[in-house]
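Peer 1: Take a look and give me a structure for this.
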Amino acid sequence: MKKALAIVAMFITTNVFAGLERSPTDLYQMTSLMTKQTTVSIITADNVPQACERESIRRGNGGFKGVPMQACSFWTDNTCTIIVPKMTNNDSLGHELHHCFTGAFH
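Peer 2: Numbers count the residues shown, from 1 in each chain. Modelled structure (predicted):
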């Protein structure tokens, strides 16, 4: 019973966060960026949630508290670090790069 509840909770959580995402074809403003030039670093990881959690804590952001994720990004001024799996896609990479220029949008 506990295992079934955990699976249902994970499914609901994943769908809630997926529902917050925009479609890859949705348009957004490019006129009010937090920066127009940045240095981007890419880190690849076998375990992205663990790597994102570790980097968040290292930066003093408190971690993601178990939020499911496929990639993450961290930005300060004109530098941005993106963490992705060793195999990724344009949607994930583009989404994180969007954070590099517009900050927190979801």
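Peer 1: all helices of this protein, in order?
Peer 2: 2-20, 48-58, 90-102 (DSSP state H).
Peer 1: mean pLDDT lowest for which of those helices?
Peer 2: Comparing mean pLDDT across these, the weakest is helix 2-20, with a mean of 41.
Peer 1: which one is the residue sitting nearest the centre point of the chain nearest to, not counting chain neighbours?
Peer 2: Central residue of the chain (C-alpha atoms, centre = their mean): Cys72, 3.0 Å from the mean position. Nearest non-adjacent residue to Cys72, counting by C-beta to C-beta, 6 or more residues apart in numbering: Cys52, 3.8 Å away. Glycine gets a C-beta too; all of them are placed from N, C-alpha and C.
Peer 1: Same question for Gly62.
Peer 2: Excluding its sequence neighbours, the residue lying closest to Gly62 (C-beta to C-beta, 6+ apart) is Ser56, at 6.7 Å.
Peer 1: can you pull the contacts of the one you found?
Peer 2: Counting by C-beta atoms under 8 Å, 6 or more residues apart in numbering, Ser56 touches 62-64, 72, 74.
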